[in-house]
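S.K.: here's my sequence, what's the structure:
(chains A, B and C)
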Amino acid sequence: MSDTNGAFVRNAWYPAAWADEITREPFSRTLLSEPVLLYRTEEGDPVALEDRCCHKFLPLSKGVIKGDNVVCGYHGMTYDPSGACVRIPGQERIPENARVRSYPVVEHLGLIWFWAGEAPADKAKLFQLPQYGAPGWGVNHGPYTHVGAHYQQVTDNLLDPAHVSFVHLSTLGSEDMEDIPVETKQLDNCVEVNRWTLDKTPVPIFQKFADFEGNVDRWQYYYFYPPSVNVVDFGAGEVGMGHGDEERDNWVRIHSCHYMCPETERSTHYFWMQVRNFAAEDDSVSDEITAQFVMAFDEDKEILEAVQAATDAGTPRPSLKLAIDNGPSRSRRMVDRLLREEAAQHAEAAE
Amino acid sequence: MSDTNGAFVRNAWYPAAWADEITREPFSRTLLSEPVLLYRTEEGDPVALEDRCCHKFLPLSKGVIKGDNVVCGYHGMTYDPSGACVRIPGQERIPENARVRSYPVVEHLGLIWFWAGEAPADKAKLFQLPQYGAPGWGVNHGPYTHVGAHYQQVTDNLLDPAHVSFVHLSTLGSEDMEDIPVETKQLDNCVEVNRWTLDKTPVPIFQKFADFEGNVDRWQYYYFYPPSVNVVDFGAGEVGMGHGDEERDNWVRIHSCHYMCPETERSTHYFWMQVRNFAAEDDSVSDEITAQFVMAFDEDKEILEAVQAATDAGTPRPSLKLAIDNGPSRSRRMVDRLLREEAAQHAEAAE
Amino acid sequence: MSDTNGAFVRNAWYPAAWADEITREPFSRTLLSEPVLLYRTEEGDPVALEDRCCHKFLPLSKGVIKGDNVVCGYHGMTYDPSGACVRIPGQERIPENARVRSYPVVEHLGLIWFWAGEAPADKAKLFQLPQYGAPGWGVNHGPYTHVGAHYQQVTDNLLDPAHVSFVHLSTLGSEDMEDIPVETKQLDNCVEVNRWTLDKTPVPIFQKFADFEGNVDRWQYYYFYPPSVNVVDFGAGEVGMGHGDEERDNWVRIHSCHYMCPETERSTHYFWMQVRNFAAEDDSVSDEITAQFVMAFDEDKEILEAVQAATDAGTPRPSLKLAIDNGPSRSRRMVDRLLREEAAQHAEAAE
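M.R.: Take a look at the predicted model:
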């Protein structure tokens, strides 16, 4: 664990919910250890407020939405989307500190994202996925998934090709890849880990969706964008195919995108989707890919929660670092750097 | 929270159980964070003992009642109603410190009350309800109710007319009252909060039991008797009726009485009854009132437990005080004064 | 509680599991607060390893057994029965500290025993039961039993004839014995507590299996072998029978043997068996004795767990010591002496 263990990067966009989870009914979710109320205004704009009345601390999600505002279910204190209290029944004067925290929110990629920090929300920092909704690309996404483990266990796992052969034998893995080393690169804004498995039989998921005869070259490119987005670009093509980004588009290719939000220090909200360059309009293919990944992520979830439980129980010595930890170690250093920057900004602002 | 948060007033009578909960079988309940055994002697007198054998700490409630005594279920140590051990099987001599604590108990208003303090039990301090059993007055009472919140959250809530419009719309409340301010009075032995709602339609509960044509004047008088009894006197009469105590007896009137006992610092035993000046002998009316209040108190329970959970989770700033908190704030000051008096007596006794 | 409360004697054999619980499938059990993996090699030898991969701490019991080794279910790190890592997929060099703890194990008396300490495992310290498998002696044993109480609550209870009259009236006890004092002896390697109940009706369990006419002399000899083995030698013979060890073999006699292993500081793994000198080959008698003891130990379990819960809740004063606590007090002193010896050896080794 890092020396900034326990803190979360705050000046970042995190996924709070699938867009269709948020309606005109109050919806409560713990995000970065804080209770958050989510709902939509009459116009349909998402709103995120501290889910805790400033009077008696009742969750505002126990109240009702009235117009664009939320009315507390205990004494009727009413808050607008900025978090300002606009009515206290039985009392004329509204004190200045009668307010709750409001979080910037945007709807993007079928998700509601919120900005957790004190610094102004920066839309340039939103994760971009150009293939989402682009012609020739199909999209599928999973259900809301809860993982009882620290979000960095999840991001580590998604930058870790080595576990695939052992955790996902039934879906994504194959024994062929067990001993193939991975290449790790530090890029400006992300960590990349990649592995090519040459001249082997295709793994089960591609046996379903492509028409290979005999062996294939298979690639996996894992990317980690701090603090909590992972993308896995994977696919397969004919033996001897070129390895460049554009050349991979000529074969069956999936960008598997993973957006995490810490719930607490030992649990994570997990949202995932795949974009693919084949059978783009075929809903049954979408459903089949989703079903495969639900199975695979259930396998991950079991392992990650067991690791979290073992860590919580206390361990007699630190984790032994292996060669395969190069990528995750780099990604934790990137997150640590962000945490130190935020701590420095915070100290500066306090002077 | 007060500066004496966590302590309980001890030199007071608290309700331990409904009278019919206590029989010749051992009954265990945690009262003021202490395990208490309740049972009846052969004559039917209630007994309250520390529910913890002085030998191995087994709850005595795991044993059996034999005559007027309780026999521990582990090694047969036998205690009489004063808490003295009167038999140790296999051993002649009974050490002087072979005893458990005994609490004074009385049966009163259909409840078993116990005196939690070190000072001599003072029957003059028992809460009196002259209408209970008096001619012309009907009585109904609820089931034993458990609330997962500090007892002062419960007593605050019962001195708080403002929540009725928001928590109890379906039973006791109406939107008409939302903005009517309350009057708060500090009396010698209690806090009074009252509110008159003039010339409005009767609330659902009185629509059932009185035959009003058109609007009514409606009163609510809330009383808090420290440490943990609340009474709500409420009713409705013709528009323009007199406001005095005797004049209210001319109309439909209910004294709703609430007796609380702390279980722990975050949970409360809650006993309630109503006495009414109409349909006194009609059991179906008793049942109907009970049913209405069961519904209403379930609504309170949900809110109070959510407030307790939010408080336990930790809050970033203190509760914002509103005008409606005047009554509860006074009641907490009364309790704090009692706690300071007890602390002073305790210190004096220790010198 | 002793001044060494919380620590466990480590240089000792503890029962980990019934022999038939351990197979070629990974089996996990917490022993002395440590996670332990148990399995058998291809030859059938039992293996006990720390159930925690040294990489990410995943329990190895989530992995698979391959030959004599266990393969971690996360990244395939493979450990042999000595705890040494023999394979790291994707990495040539295996670091020296890539290992988990291995515990000495033996199969004995139908149980798997493990040595919990740092000192060399000493087979001479295994508990011996010569009647086990000897001609003329029948054996029965209970199922694996979990008790939610500190193991010393269990060992105390098994050196305590006095509780039998109150906890086990339906099976082993009788009111006749309530006031008969016990004799306690400190022997070299154990504590003995015994009691003779002369010229009384036989207790239910012997009414079933012997053909007594009228009263009997009944004996109970309780032995505690530190840290956690208890034996109860009990039986009945004709009134006036001799009291010596050999003379007791002439009558119906049962050695009831109890092997405990601390799971945590508030829970215990409990294994028990009886050897008897009657109806040795009759399986229906074995079944009947087992059924009787299952009933009796369920009675103990309820009491012991209630005592543990009461102790955990906190008590206002220490346990009152009675005459019947002489045996348990001696046994705790024996365990405390072992703990002090181990602490001294540990300090010496550290110099």
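S.K.: quick one: A:Ala124 is in a helix?
M.R.: Yes - according to DSSP: H, G, I helix; E, B strand; the rest coil, A:Ala124 belongs to a helix.
S.K.: residue in chain A nearest to chain C?
M.R.: A:Ala310 (4.0 Å; Cβ to the nearest Cβ). Bear in mind the C-beta positions are built from the backbone N, C-alpha and C, glycine included.
S.K.: residues near the closest residue to that residue other than its chain neighbours, how many?
M.R.: Distances taken as Cβ to Cβ, 6 or more residues apart in numbering or on different chains place C:Phe57 nearest to A:Ala310, at 4.0 Å, with adjacent residues excluded. By the criterion of other Cβ atoms under 10 Å in any protein chain shown, C:Phe57 has 24 neighbours.
S.K.: C:Phe57 touches A:Leu320, doesn't it?
M.R.: No - under the criterion of Cβ atoms under 8 Å, C:Phe57 makes no contact with A:Leu320, lying 9.8 Å away.
S.K.: from memory the residue of chain A closest to chain C sits against C:His55, does it?
M.R.: No - A:Ala310 is beyond contact range of C:His55, at 11.2 Å (criterion: Cβ under 8 Å).
S.K.: in chain A, where is pLDDT below threshold?
M.R.: A:1-6, A:170-179 (pLDDT under 70).
S.K.: helices of that one, residue ranges please.
M.R.: In chain A, the helices defined using DSSP state H lie at A:151-157, A:164-167, A:204-209, A:245-248, A:283-312, A:326-350.
S.K.: now do the buried residues in the fourth one.
M.R.: Neighbour-count burial for helix A:245-248, with 16 or more other Cβ atoms under 10 Å in any protein chain shown as criterion, is recorded at A:Arg248.
S.K.: centre of the chain to that helix, how far?
M.R.: 26 Å (Cα atoms, centre = their mean, to the nearest Å).
S.K.: contacts for it?
M.R.: A:219, A:233, A:235, A:237, A:241 (Cβ atoms under 8 Å, 6 or more residues apart in numbering or on different chains).
S.K.: of those residues, grab the buried ones for PyMOL.
M.R.: To isolate the buried members of those in PyMOL, using 16+ other Cβ under 10 Å:
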select buried, chain A and resi 219+233+235+237+241
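S.K.: which of the contacts of helix A:245-248 fall within strands?
M.R.: A:219, A:233, A:235, A:237 (DSSP state E).
S.K.: chain neighbours aside, what residue packs nearest to the third one?
M.R.: So that's A:Gly235. Leaving aside its sequence neighbours, A:Gly235 is closest to A:Arg253 (3.8 Å, by Cβ to Cβ, 6+ apart).
S.K.: again, but for the last one
M.R.: Among residues not flanking A:Gly237 along the chain, A:Trp251 sits closest, at 3.3 Å (Cβ to Cβ, 6+ apart).
S.K.: equivalent analysis for A:Phe127, please.
M.R.: In space, A:Phe127 is closest to A:Val229, 4.9 Å off (Cβ to Cβ, 6+ apart).
S.K.: how much space separates that neighbour from C:Arg276?
M.R.: 68 Å (Cβ to Cβ, to the nearest Å).
S.K.: and if you look at A:Gly44?
M.R.: 79 Å.
S.K.: so for these two, which sits in the more crowded spot?
M.R.: Taking neighbours as other Cβ under 10 Å, A:Gly44 and C:Arg276 compare with C:Arg276 leading, 23 against 10.
S.K.: ok, what's across the strand from that one?
M.R.: C:Gly138, C:Ile254 (DSSP bridges).
S.K.: ok, which stretches of the stretch 51-200 of chain A are strands?
M.R.: For the stretch 51-200 of chain A, the strands defined by DSSP state E, counting those that start in this stretch cover A:64-66, A:69-71, A:78-79, A:85-87, A:102-103, A:105-108, A:111-115, A:138-141, A:145-147, A:183-186, A:191-200.
S.K.: now these in TSV, with mean neighbour count?
M.R.: Listed next are those as TSV, based on neighbours: other Cβ atoms under 10 Å in any protein chain shown:
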stretch	mean neighbour count
strand A:64-66	16
strand A:69-71	22
strand A:78-79	23
strand A:85-87	18
strand A:102-103	20
strand A:105-108	18
strand A:111-115	24
strand A:138-141	19
strand A:145-147	18
strand A:183-186	15
strand A:191-200	18
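S.K.: closest to C:Asn97 out of those?
M.R.: Of all the strands of the stretch 51-200 of chain A, it is strand A:183-186 that lies closest to C:Asn97, at 22.8 Å by Cβ to Cβ.
S.K.: paired strands for the closest one, with orientation please.
M.R.: strand A:191-200 (antiparallel).
S.K.: contacting residues around the partner strand?
M.R.: With Cβ under 8 Å, 6+ apart, strand A:191-200 has contacts from A:159-161, A:174, A:176-177, A:180-185, A:215-224, A:239, A:243, A:326-327, A:330-331, A:334.
S.K.: of the residues you listed, grab the buried ones for ChimeraX.
M.R.: Buried members of those, defined by 16+ other Cβ under 10 Å, are picked up in ChimeraX with:
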select /A:159,160,161,174,176,177,180,182,184,215,216,217,218,219,220,221,222,223,224,326,327,330,331,334
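S.K.: which residues of chain A lie near chain B?
M.R.: Counting by Cβ under 8 Å from any Cβ of the partner chain, the residues of chain A close to chain B are A:35, A:52, A:54-59, A:62-63, A:71-76, A:88-91, A:95, A:97-98.
S.K.: what subset of these is buried?
M.R.: A:35, A:52, A:54-59, A:62-63, A:71-76, A:88-91, A:98.
S.K.: give the contact list for A:Ser61.
M.R.: A:26-28, A:37, A:51.
S.K.: make a ChimeraX selection of the buried ones in the residues you listed.
M.R.: Listed next is the ChimeraX selection for buried residues among the contacts of A:Ser61, using 16+ other Cβ under 10 Å:
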select /A:26,27,37,51
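S.K.: now, which of the contacts of A:Ser61 lie within strands?
M.R.: Those of the contacts of A:Ser61 lying in strands (DSSP E): A:27-28, A:37.
S.K.: tell me the one of those nearest chain B?
M.R.: For those, the nearest to chain B is A:Ser28 (10.4 Å; Cβ to the nearest Cβ).
S.K.: so what's the closest one closest to, chain neighbours aside?
M.R.: A:Ser28 sits nearest to A:Ser61 (Cβ to Cβ, 6+ apart), 3.7 Å away.
S.K.: A:Leu339 and chain B: what is the separation?
M.R.: 20 Å (Cβ to the nearest Cβ, to the nearest Å).
S.K.: what about the residue of the stretch 51-200 of chain A found nearest chain B, distance to B:Lys56?
M.R.: For the stretch 51-200 of chain A, the residue closest to chain B is A:Phe57, as judged by Cβ to the nearest Cβ, at 4.0 Å. Distance of A:Phe57 to B:Lys56, computed by Cβ to Cβ: 42 Å.
S.K.: name the residues of the stretch 201-350 of chain A found near chain C, please.
M.R.: A:302-303, A:306-307, A:310-311, A:313, A:315, A:317, A:319-320, A:322-324.
S.K.: go again using 10 Å as the cut-off
M.R.: For the stretch 201-350 of chain A, the residues found near chain C under the criterion Cβ under 10 Å from any Cβ of the partner chain are A:299-300, A:302-304, A:306-325, A:328.
S.K.: just the buried ones from these?
M.R.: A:299-300, A:303-304, A:306-308, A:310-311, A:320, A:322, A:324-325, A:328.
S.K.: closest to chain B out of the residues you listed?
M.R.: A:Gln308 (20.4 Å).
S.K.: and the closest residue to the closest one other than its chain neighbours, how many neighbours?
M.R.: Leaving aside its sequence neighbours, A:Gln308 sits nearest to A:Ala149 (Cβ to Cβ, 6+ apart; 3.8 Å). Other residues near A:Ala149 come to 24 when the count uses other Cβ under 10 Å.
S.K.: A:Ala149: what's it in contact with?
M.R.: A:156-157, A:266-268, A:270, A:300-301, A:303-309, A:311-312 (Cβ atoms under 10 Å, 6 or more residues apart in numbering or on different chains).
S.K.: fine by me, we can end here.
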